[in-house]
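Student: sequence? don't have it. structure:
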Ligand SMILES: NC(=O)c1ccc[n+]([C@@H]2O[C@H](COP(=O)([O-])OP(=O)(O)OC[C@H]3O[C@@H](n4cnc5c(N)ncnc54)[C@H](O)[C@@H]3O)[C@@H](O)[C@H]2O)c1
(Lines give C-alpha, C1' and ligand atoms only; values in the text may rest on other atoms or scores of the structure.)
Protein backbone atom coordinates (compact mmCIF):
# COMPACT_ATOMS: atom_id res chain seq x y z
CA UNK A 1 0.00 0.00 0.00
CA UNK A 2 2.87 2.36 0.78
CA UNK A 3 4.31 1.91 -2.74
CA UNK A 4 0.91 2.97 -4.07
CA UNK A 5 1.81 6.50 -2.96
CA UNK A 6 5.60 6.54 -3.41
CA UNK A 7 5.94 5.04 -6.90
CA UNK A 8 3.51 7.58 -8.46
CA UNK A 9 5.34 10.33 -6.59
CA UNK A 10 8.59 9.17 -8.23
CA UNK A 11 6.89 9.11 -11.63
CA UNK A 12 5.76 12.67 -10.90
CA UNK A 13 9.20 13.79 -9.68
CA UNK A 14 10.82 12.48 -12.89
CA UNK A 15 8.22 14.27 -15.09
CA UNK A 16 9.79 15.46 -18.38
CA UNK A 17 6.99 17.74 -19.53
CA UNK A 18 4.87 14.91 -20.96
CA UNK A 19 5.37 11.92 -18.67
CA UNK A 20 7.58 10.55 -15.91
CA UNK A 21 9.94 7.57 -15.73
CA UNK A 22 8.78 3.99 -15.49
CA UNK A 23 9.15 3.05 -11.79
CA UNK A 24 9.45 -0.63 -10.88
CA UNK A 25 8.85 -1.45 -7.21
CA UNK A 26 11.15 -3.95 -5.46
CA UNK A 27 11.33 -5.13 -1.83
CA UNK A 28 14.84 -3.72 -1.71
CA UNK A 29 17.79 -2.85 -3.99
CA UNK A 30 21.53 -3.35 -3.46
CA UNK A 31 23.63 -0.18 -3.66
CA UNK A 32 20.91 2.29 -4.70
CA UNK A 33 21.93 5.67 -6.13
CA UNK A 34 19.70 7.35 -3.54
CA UNK A 35 18.62 6.32 -0.06
CA UNK A 36 16.11 8.56 1.67
CA UNK A 37 12.98 8.63 3.80
CA UNK A 38 9.41 9.31 2.74
CA UNK A 39 9.81 12.85 4.05
CA UNK A 40 13.10 13.63 2.26
CA UNK A 41 12.32 11.94 -1.09
CA UNK A 42 11.06 15.06 -2.88
CA UNK A 43 13.98 17.18 -1.69
CA UNK A 44 16.75 14.61 -2.42
CA UNK A 45 15.53 13.15 -5.72
CA UNK A 46 17.16 14.44 -8.91
CA UNK A 47 16.05 13.58 -12.45
CA UNK A 48 18.08 10.79 -14.02
CA UNK A 49 18.39 8.85 -10.73
CA UNK A 50 17.95 5.20 -11.66
CA UNK A 51 17.58 3.48 -8.28
CA UNK A 52 16.09 4.62 -5.00
CA UNK A 53 15.52 3.02 -1.63
CA UNK A 54 12.93 4.71 0.56
CA UNK A 55 13.51 3.53 4.13
CA UNK A 56 10.63 1.55 5.55
CA UNK A 57 8.94 1.36 2.13
CA UNK A 58 11.14 -0.45 -0.41
CA UNK A 59 13.27 -0.04 -3.52
CA UNK A 60 12.48 1.49 -6.91
CA UNK A 61 14.15 1.07 -10.31
CA UNK A 62 13.67 3.93 -12.78
CA UNK A 63 14.09 4.18 -16.55
CA UNK A 64 12.78 5.62 -19.79
CA UNK A 65 10.79 2.50 -20.64
CA UNK A 66 10.13 -0.78 -18.86
CA UNK A 67 13.19 -2.64 -20.18
CA UNK A 68 15.39 0.39 -19.46
CA UNK A 69 14.22 0.51 -15.83
CA UNK A 70 14.62 -3.25 -15.46
CA UNK A 71 18.01 -3.82 -17.08
CA UNK A 72 19.15 -0.70 -18.95
CA UNK A 73 18.16 -1.86 -22.44
CA UNK A 74 16.01 1.00 -23.68
CA UNK A 75 14.44 0.66 -27.10
CA UNK A 76 11.94 3.44 -26.47
CA UNK A 77 10.81 5.29 -29.59
CA UNK A 78 12.05 8.86 -29.81
CA UNK A 79 9.14 10.92 -31.08
CA UNK A 80 7.54 14.13 -29.94
CA UNK A 81 4.54 16.25 -30.89
CA UNK A 82 1.49 14.67 -32.51
CA UNK A 83 3.28 11.39 -33.24
CA UNK A 84 4.17 11.06 -29.57
CA UNK A 85 0.87 11.76 -27.80
CA UNK A 86 1.04 8.49 -25.83
CA UNK A 87 4.67 7.58 -26.53
CA UNK A 88 6.12 5.78 -23.46
CA UNK A 89 2.98 6.59 -21.52
CA UNK A 90 1.37 3.99 -19.27
CA UNK A 91 -2.13 3.08 -20.42
CA UNK A 92 -4.65 0.66 -18.94
CA UNK A 93 -7.48 -0.70 -21.08
CA UNK A 94 -10.22 -2.62 -19.27
CA UNK A 95 -11.93 -5.27 -21.36
CA UNK A 96 -8.82 -5.18 -23.55
CA UNK A 97 -8.68 -8.88 -24.38
CA UNK A 98 -11.10 -8.71 -27.31
CA UNK A 99 -13.41 -6.49 -29.35
CA UNK A 100 -13.02 -2.70 -29.24
CA UNK A 101 -10.64 -3.05 -26.28
CA UNK A 102 -8.25 -5.24 -28.25
CA UNK A 103 -8.31 -2.76 -31.14
CA UNK A 104 -7.59 0.11 -28.73
CA UNK A 105 -4.71 -1.87 -27.15
CA UNK A 106 -3.17 -2.58 -30.56
CA UNK A 107 -3.53 1.04 -31.73
CA UNK A 108 -2.08 2.50 -28.50
CA UNK A 109 0.92 0.18 -28.75
CA UNK A 110 1.43 1.22 -32.38
CA UNK A 111 1.59 4.80 -31.00
CA UNK A 112 4.39 3.82 -28.59
CA UNK A 113 2.40 3.26 -25.37
CA UNK A 114 2.99 0.64 -22.68
CA UNK A 115 -0.41 -0.99 -22.18
CA UNK A 116 -1.95 -3.04 -19.38
CA UNK A 117 -4.68 -5.27 -20.77
CA UNK A 118 -7.02 -5.54 -17.79
CA UNK A 119 -9.73 -8.12 -18.28
CA UNK A 120 -11.82 -10.74 -16.53
CA UNK A 121 -10.55 -13.04 -19.24
CA UNK A 122 -7.01 -12.94 -17.84
CA UNK A 123 -5.79 -15.80 -20.04
CA UNK A 124 -6.90 -13.89 -23.14
CA UNK A 125 -5.29 -10.70 -21.80
CA UNK A 126 -1.97 -12.47 -21.10
CA UNK A 127 -2.03 -14.25 -24.45
CA UNK A 128 -2.54 -10.95 -26.28
CA UNK A 129 0.19 -9.24 -24.22
CA UNK A 130 2.61 -12.08 -25.03
CA UNK A 131 1.87 -11.79 -28.74
CA UNK A 132 2.34 -8.00 -28.73
CA UNK A 133 5.62 -8.18 -26.77
CA UNK A 134 6.98 -10.75 -29.18
CA UNK A 135 5.98 -8.65 -32.19
CA UNK A 136 7.55 -5.51 -30.69
CA UNK A 137 10.76 -7.20 -29.46
CA UNK A 138 10.45 -5.21 -26.22
CA UNK A 139 8.06 -4.99 -23.29
CA UNK A 140 4.98 -3.10 -24.52
CA UNK A 141 2.12 -4.94 -22.79
CA UNK A 142 1.07 -6.78 -19.65
CA UNK A 143 -2.05 -8.85 -19.02
CA UNK A 144 -3.74 -8.27 -15.66
CA UNK A 145 -6.88 -9.70 -14.07
CA UNK A 146 -9.80 -7.47 -13.12
CA UNK A 147 -13.50 -7.67 -12.55
CA UNK A 148 -14.56 -4.02 -12.75
CA UNK A 149 -17.71 -4.70 -10.70
CA UNK A 150 -15.67 -5.89 -7.70
CA UNK A 151 -13.98 -3.12 -5.69
CA UNK A 152 -11.31 -5.42 -4.20
CA UNK A 153 -10.42 -6.66 -7.65
CA UNK A 154 -10.16 -3.11 -9.04
CA UNK A 155 -7.95 -2.06 -6.12
CA UNK A 156 -5.71 -5.11 -6.67
CA UNK A 157 -5.41 -4.37 -10.39
CA UNK A 158 -4.47 -0.73 -9.77
CA UNK A 159 -1.91 -1.85 -7.15
CA UNK A 160 -0.40 -4.33 -9.60
CA UNK A 161 -0.02 -1.67 -12.30
CA UNK A 162 1.53 0.81 -9.86
CA UNK A 163 3.97 -1.79 -8.46
CA UNK A 164 4.99 -2.77 -11.99
CA UNK A 165 5.46 0.67 -13.60
CA UNK A 166 4.75 3.41 -11.05
CA UNK A 167 1.60 5.08 -12.34
CA UNK A 168 -1.13 5.45 -14.95
CA UNK A 169 -1.19 8.20 -17.57
CA UNK A 170 -4.26 7.09 -19.52
CA UNK A 171 -7.01 4.86 -18.15
CA UNK A 172 -9.48 3.56 -20.74
CA UNK A 173 -12.61 2.22 -19.06
CA UNK A 174 -13.82 0.07 -21.94
CA UNK A 175 -15.19 -3.12 -20.34
CA UNK A 176 -18.90 -3.21 -21.02
CA UNK A 177 -21.77 -5.61 -21.58
CA UNK A 178 -25.11 -5.55 -23.36
CA UNK A 179 -28.33 -7.35 -22.64
CA UNK A 180 -31.15 -6.10 -24.80
CA UNK A 181 -34.80 -6.52 -23.92
CA UNK A 182 -38.19 -4.86 -23.58
CA UNK A 183 -38.75 -2.82 -20.42
CA UNK A 184 -41.91 -4.93 -19.95
CA UNK A 185 -39.97 -8.17 -19.83
CA UNK A 186 -36.41 -7.52 -18.69
CA UNK A 187 -35.51 -9.13 -15.36
CA UNK A 188 -34.10 -6.99 -12.57
CA UNK A 189 -31.09 -9.34 -12.55
CA UNK A 190 -30.26 -8.57 -16.19
CA UNK A 191 -30.81 -4.84 -15.67
CA UNK A 192 -28.46 -4.87 -12.67
CA UNK A 193 -25.84 -6.93 -14.52
CA UNK A 194 -25.60 -4.29 -17.28
CA UNK A 195 -25.64 -1.40 -14.80
CA UNK A 196 -22.96 -3.02 -12.62
CA UNK A 197 -20.43 -3.38 -15.41
CA UNK A 198 -21.13 -0.28 -17.52
CA UNK A 199 -21.96 2.28 -14.81
CA UNK A 200 -20.73 1.10 -11.41
CA UNK A 201 -17.58 -0.42 -12.96
CA UNK A 202 -16.63 2.99 -14.33
CA UNK A 203 -17.19 4.58 -10.90
CA UNK A 204 -15.04 1.94 -9.13
CA UNK A 205 -12.20 2.26 -11.62
CA UNK A 206 -12.19 6.07 -11.44
CA UNK A 207 -12.34 5.94 -7.63
CA UNK A 208 -9.11 3.95 -7.43
CA UNK A 209 -7.22 5.36 -10.41
CA UNK A 210 -7.78 9.05 -9.61
CA UNK A 211 -5.63 9.05 -6.40
CA UNK A 212 -2.70 7.56 -8.35
CA UNK A 213 -3.01 10.34 -10.93
CA UNK A 214 -3.26 12.92 -8.14
CA UNK A 215 0.02 11.62 -6.62
CA UNK A 216 1.74 11.84 -10.02
CA UNK A 217 0.62 15.44 -10.48
CA UNK A 218 1.53 16.62 -6.99
CA UNK A 219 5.30 17.19 -7.39
CA UNK A 220 5.00 19.58 -10.38
CA UNK A 221 1.32 20.52 -10.57
CA UNK A 222 1.75 20.14 -14.31
CA UNK A 223 1.30 16.41 -15.03
CA UNK A 224 -1.81 15.93 -17.17
CA UNK A 225 -3.50 12.52 -17.07
CA UNK A 226 -6.59 11.10 -18.72
CA UNK A 227 -9.53 8.88 -17.91
CA UNK A 228 -11.59 7.97 -20.96
CA UNK A 229 -14.63 5.74 -20.83
CA UNK A 230 -15.89 4.01 -23.94
CA UNK A 231 -19.62 4.56 -23.83
CA UNK A 232 -21.70 4.31 -27.02
CA UNK A 233 -23.86 6.17 -29.50
CA UNK A 234 -26.55 4.86 -27.11
CA UNK A 235 -25.17 7.39 -24.59
CA UNK A 236 -26.45 10.15 -26.88
CA UNK A 237 -29.76 8.76 -28.16
CA UNK A 238 -32.09 6.19 -26.58
CA UNK A 239 -32.09 2.64 -27.89
CA UNK A 240 -35.34 0.73 -28.53
CA UNK A 241 -35.73 -2.35 -26.29
CA UNK A 242 -32.23 -1.70 -25.00
CA UNK A 243 -32.94 0.57 -22.03
CA UNK A 244 -30.60 -1.04 -19.50
CA UNK A 245 -27.68 -0.50 -21.86
CA UNK A 246 -28.59 3.02 -23.01
CA UNK A 247 -29.41 4.04 -19.43
CA UNK A 248 -26.03 2.83 -18.17
CA UNK A 249 -24.26 4.67 -20.99
CA UNK A 250 -26.24 7.92 -20.54
CA UNK A 251 -25.46 7.61 -16.82
CA UNK A 252 -21.77 7.27 -17.51
CA UNK A 253 -21.85 10.65 -19.29
CA UNK A 254 -23.21 12.15 -16.04
CA UNK A 255 -20.33 10.55 -14.16
CA UNK A 256 -17.84 11.81 -16.75
CA UNK A 257 -19.05 15.40 -16.43
CA UNK A 258 -19.10 15.26 -12.62
CA UNK A 259 -15.72 13.53 -12.24
CA UNK A 260 -14.24 15.97 -14.78
CA UNK A 261 -15.32 18.96 -12.68
CA UNK A 262 -13.73 17.47 -9.57
CA UNK A 263 -10.54 15.94 -10.99
CA UNK A 264 -9.53 18.98 -13.03
CA UNK A 265 -7.89 20.11 -9.76
CA UNK A 266 -5.37 17.26 -10.24
CA UNK A 267 -4.96 17.91 -14.00
CA UNK A 268 -6.88 14.68 -14.65
CA UNK A 269 -9.18 15.07 -17.66
CA UNK A 270 -12.23 12.83 -17.91
CA UNK A 271 -13.95 12.28 -21.24
CA UNK A 272 -15.98 9.65 -23.05
CA UNK A 273 -15.90 8.32 -26.58
CA UNK A 274 -19.31 7.33 -27.99
CA UNK A 275 -18.73 4.79 -30.76
CA UNK A 276 -21.15 3.45 -33.31
CA UNK A 277 -21.58 -0.28 -33.77
CA UNK A 278 -18.51 -2.46 -34.22
CA UNK A 279 -20.02 -4.75 -36.86
CA UNK A 280 -16.82 -6.74 -37.40
CA UNK A 281 -16.34 -7.40 -33.65
CA UNK A 282 -17.51 -10.47 -31.72
CA UNK A 283 -20.67 -8.85 -30.33
CA UNK A 284 -22.14 -8.54 -33.83
CA UNK A 285 -20.18 -11.03 -35.94
CA UNK A 286 -19.63 -14.08 -33.71
CA UNK A 287 -20.87 -16.87 -36.01
CA UNK A 288 -22.80 -18.67 -33.23
CA UNK A 289 -23.91 -16.00 -30.75
CA UNK A 290 -23.40 -12.70 -32.62
CA UNK A 291 -26.26 -10.22 -33.09
CA UNK A 292 -26.28 -10.68 -36.89
CA UNK A 293 -27.00 -14.40 -36.65
CA UNK A 294 -29.51 -13.81 -33.83
CA UNK A 295 -31.35 -11.17 -35.89
CA UNK A 296 -31.34 -13.48 -38.92
CA UNK A 297 -32.83 -16.33 -36.89
CA UNK A 298 -35.50 -14.16 -35.26
CA UNK A 299 -36.44 -12.47 -38.56
CA UNK A 300 -35.75 -9.01 -37.13
CA UNK A 301 -34.70 -7.72 -40.58
CA UNK A 302 -37.58 -8.31 -43.03
CA UNK A 303 -36.49 -10.13 -46.20
CA UNK A 304 -32.97 -10.94 -44.96
CA UNK A 305 -31.88 -14.44 -46.02
CA UNK A 306 -28.23 -14.43 -44.92
CA UNK A 307 -26.04 -12.91 -42.21
CA UNK A 308 -24.57 -10.68 -44.94
CA UNK A 309 -28.09 -9.32 -45.71
CA UNK A 310 -28.56 -8.43 -42.04
CA UNK A 311 -25.13 -6.79 -41.90
CA UNK A 312 -25.81 -4.70 -45.04
CA UNK A 313 -29.12 -3.55 -43.52
CA UNK A 314 -27.32 -2.18 -40.45
CA UNK A 315 -24.39 -0.72 -42.40
CA UNK A 316 -26.87 1.19 -44.58
CA UNK A 317 -28.04 3.09 -41.46
CA UNK A 318 -24.58 4.64 -41.11
CA UNK A 319 -24.00 7.63 -43.44
CA UNK A 320 -20.41 6.44 -43.86
CA UNK A 321 -21.73 2.98 -44.70
CA UNK A 322 -19.55 0.91 -42.39
CA UNK A 323 -19.19 -0.04 -38.76
CA UNK A 324 -16.81 1.52 -36.24
CA UNK A 325 -13.58 -0.19 -35.13
CA UNK A 326 -10.96 0.09 -32.39
CA UNK A 327 -8.67 2.27 -34.50
CA UNK A 328 -11.54 4.78 -35.02
CA UNK A 329 -12.13 4.89 -31.26
CA UNK A 330 -8.41 5.29 -30.52
CA UNK A 331 -8.21 8.42 -32.71
CA UNK A 332 -10.81 10.06 -30.46
CA UNK A 333 -8.92 8.89 -27.36
CA UNK A 334 -5.68 10.37 -28.73
CA UNK A 335 -7.52 13.64 -29.39
CA UNK A 336 -8.71 13.82 -25.79
CA UNK A 337 -5.19 13.12 -24.49
CA UNK A 338 -3.50 15.65 -26.79
CA UNK A 339 -6.15 18.32 -26.13
CA UNK A 340 -5.15 19.98 -22.88
CA UNK A 341 -8.02 22.47 -23.00
CA UNK A 342 -11.07 20.23 -22.78
CA UNK A 343 -12.63 17.91 -20.24
CA UNK A 344 -16.02 16.36 -19.44
CA UNK A 345 -16.91 15.83 -23.10
CA UNK A 346 -18.72 13.07 -24.97
CA UNK A 347 -17.06 12.57 -28.37
CA UNK A 348 -19.16 10.77 -30.99
CA UNK A 349 -17.42 8.34 -33.36
CA UNK A 350 -20.43 7.08 -35.29
CA UNK A 351 -19.75 7.59 -39.00
CA UNK A 352 -22.37 10.33 -38.85
CA UNK A 353 -25.12 8.06 -37.49
CA UNK A 354 -25.70 10.17 -34.38
CA UNK A 355 -25.08 13.91 -34.49
CA UNK A 356 -24.86 16.24 -31.50
CA UNK A 357 -27.47 18.92 -31.07
N1 LIG B 1 -19.59 -3.71 -30.05
C2 LIG B 1 -20.27 -2.59 -30.33
O3 LIG B 1 -20.94 -2.50 -31.38
C4 LIG B 1 -20.21 -1.41 -29.41
C5 LIG B 1 -20.75 -0.18 -29.83
C6 LIG B 1 -20.64 0.93 -29.00
C7 LIG B 1 -20.02 0.83 -27.77
N8 LIG B 1 -19.53 -0.38 -27.37
C9 LIG B 1 -18.88 -0.43 -26.06
O10 LIG B 1 -17.52 -0.76 -26.25
C11 LIG B 1 -17.04 -1.50 -25.13
C12 LIG B 1 -16.44 -2.81 -25.62
O13 LIG B 1 -17.45 -3.53 -26.27
P14 LIG B 1 -17.16 -4.81 -27.19
O15 LIG B 1 -18.30 -4.98 -28.10
O16 LIG B 1 -15.79 -4.71 -27.76
O17 LIG B 1 -17.25 -5.97 -26.09
P18 LIG B 1 -16.78 -7.47 -26.12
O19 LIG B 1 -17.89 -8.25 -25.50
O20 LIG B 1 -16.30 -7.91 -27.46
O21 LIG B 1 -15.52 -7.44 -25.13
C22 LIG B 1 -15.69 -7.02 -23.82
C23 LIG B 1 -14.46 -7.38 -23.01
O24 LIG B 1 -14.70 -6.93 -21.68
C25 LIG B 1 -14.42 -7.99 -20.76
N26 LIG B 1 -15.31 -7.83 -19.59
C27 LIG B 1 -16.65 -8.01 -19.53
N28 LIG B 1 -17.09 -7.79 -18.27
C29 LIG B 1 -16.01 -7.45 -17.53
C30 LIG B 1 -15.82 -7.13 -16.16
N31 LIG B 1 -16.83 -7.10 -15.30
N32 LIG B 1 -14.57 -6.83 -15.76
C33 LIG B 1 -13.52 -6.85 -16.62
N34 LIG B 1 -13.64 -7.19 -17.91
C35 LIG B 1 -14.87 -7.47 -18.37
C36 LIG B 1 -14.70 -9.28 -21.53
O37 LIG B 1 -13.99 -10.37 -20.96
C38 LIG B 1 -14.22 -8.90 -22.93
O39 LIG B 1 -12.85 -9.17 -23.11
C40 LIG B 1 -18.24 -1.69 -24.21
O41 LIG B 1 -18.25 -0.71 -23.20
C42 LIG B 1 -19.42 -1.50 -25.14
O43 LIG B 1 -20.59 -1.09 -24.46
C44 LIG B 1 -19.61 -1.50 -28.16
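Tutor: That came through fine. The shown structure was predicted, so the numbers you read here are calculated from the model rather than taken from an experiment. Residues are numbered from 1 along each chain as shown.
Student: can we go C-alpha only for contacts and neighbour counts from here?
Tutor: Will do.
Student: show me the domain layout of the chain.
Tutor: 1-72, 83-276+325-344 (automatic domain parsing).
Student: near the ligand, which residues of the stretch 1-150 of the chain?
Tutor: Proximity of the stretch 1-150 of the chain to the ligand (CA under 6 Å from any ligand atom) is limited to residues 94-101, 119-121, 146-149.
Student: any chance of a ChimeraX selection covering the buried ones in these?
Tutor: Here is the ChimeraX command that picks out the buried ones among those, judged by 16 or more other CA atoms under 10 Å:
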select :94,95,96,97,98,99,100,101,119,120,121,146,147,148,149
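Student: from the residues of the stretch 1-150 of the chain next to the ligand, which land in helices?
Tutor: If you go by DSSP state H, these have 99, 100, 101 in helices.
Student: can you redo the residues you listed as TSV with distance to residue 161 and pLDDT?
Tutor: What follows is these, written out as TSV (distance: CA to CA, whole Å; pLDDT from 0 to 100):
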residue	distance to residue 161	pLDDT
99	22	96
100	21	97
101	18	98
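Student: and these, which is closest to residue 23?
Tutor: Residue 23 lies nearest to residue 101 out of those, by CA to CA, at 25.3 Å.
Student: and the spatially closest residue to the closest one that is not a sequence neighbour, what does it touch?
Tutor: Of all residues not flanking residue 101 in the chain, residue 95 sits nearest, at 5.5 Å (CA to CA, 6 or more residues apart in numbering). By CA atoms under 8 Å, 6 or more residues apart in numbering, the residues touching residue 95 are 101, 102, 117, 118, 119, 120, 173, 174, 175, 176.
Student: so for residue 95, what's the pLDDT?
Tutor: Looking at residue 95, its pLDDT is 98.
Student: can you check residue 3 too?
Tutor: 60.
Student: what does residue 63 give?
Tutor: On pLDDT, residue 63 comes in at 97.
Student: quick one: which helix or strand includes residue 211?
Tutor: Residue 211 is part of helix 201-217 when elements are defined by DSSP states H and E.
Student: before we move on, back to that, of all the residues of the stretch 1-150 of the chain next to the ligand, which comes closest to residue 46?
Tutor: Closest approach between these and residue 46, by CA to CA: residue 94, at 33.9 Å.
Student: residue contacts, residue 89?
Tutor: 19, 112, 113, 114, 168, 169, 170.
Student: now it. Its backbone dihedrals?
Tutor: phi -90, psi 150 (degrees, to the nearest 10).
Student: how about the helices in this protein?
Tutor: Assigned by DSSP H, the chain shows helices spanning 2-13, 41-44, 66-71, 99-110, 122-136, 151-165, 188-195, 201-217, 243-263, 282-285, 291-297, 307-315, 326-338.
Student: weakest of the ones you listed in terms of mean pLDDT?
Tutor: Ranked by mean pLDDT, these end with helix 2-13 at the bottom, a mean of 87.
Student: next one: that one to chain centre, how far?
Tutor: 20 Å (CA atoms, centre = their mean, to the nearest Å).
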